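Trainee: with the sequence up front, the predicted model follows.
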Amino acid sequence: MAFKTRPPGNGLNRAKPLQAKAAMKPGAGFQAKPPSPADQRKAQQKALQKATLRALEKARKEAAEQGVDLSEWEAEFLDGVSERVKTYGRAFADPDKGAPGTTLSLRQGMKLKEIRRKTARAAAPDAKPKPDR
């Protein structure tokens, strides 16, 4: 069977005919200016600070949930680092101790990983320890 043609008048009709759109006026598009590089750096630094504070709080919370007793030094470490990140934006003063744009020095990051690993071992004592990378 071949295609049948429709009789005129039974096709799709528009209630109103198509009209040409008016040209946009200059500046009528997006009103917001793109952020400057300095604003972008500030936003990235603020996001990094929040992520660091969440990681420190998560380590403390996981240790409490698993019943791991943190040593006095470890508890002081978590408190001190979080206070310095809140106050100064990062937890170390010497730029040689950490990469630029980071909130924790290399050693502080390692100690945080050790605390998290200590908690993970207490949660699953039968599991094999993961090798360090």
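Mentor: Structure's in. What do you need? Predicted model only: the values in this text are computed from it and were never measured.
Trainee: low pLDDT regions in the chain?
Mentor: Per-residue confidence of the chain (counting by pLDDT under 70) places the weak regions at 1-31, 125-133.
Trainee: that one: helices as residue ranges?
Mentor: Listed in chain order, the helices of the chain (DSSP state H) span residues 37-66, 72-88, 106-123.
Trainee: mind listing what residue 58 touches?
Mentor: The neighbours of residue 58, taking CB atoms under 8 Å, 6 or more residues apart in numbering as the test, come to nothing; the list is empty. Quick note: C-beta positions are derived from backbone N, CA and C, even for glycine.
Trainee: quickly note the distance from it to residue 82.
Mentor: For residue 58, the distance to residue 82 equals 11 Å [CB to CB, to the nearest Å].
Trainee: what do you get for residue 95?
Mentor: When residue 95 is compared with residue 82 (using CB to CB), they lie 21 Å apart.
Trainee: right, I'll leave it there.
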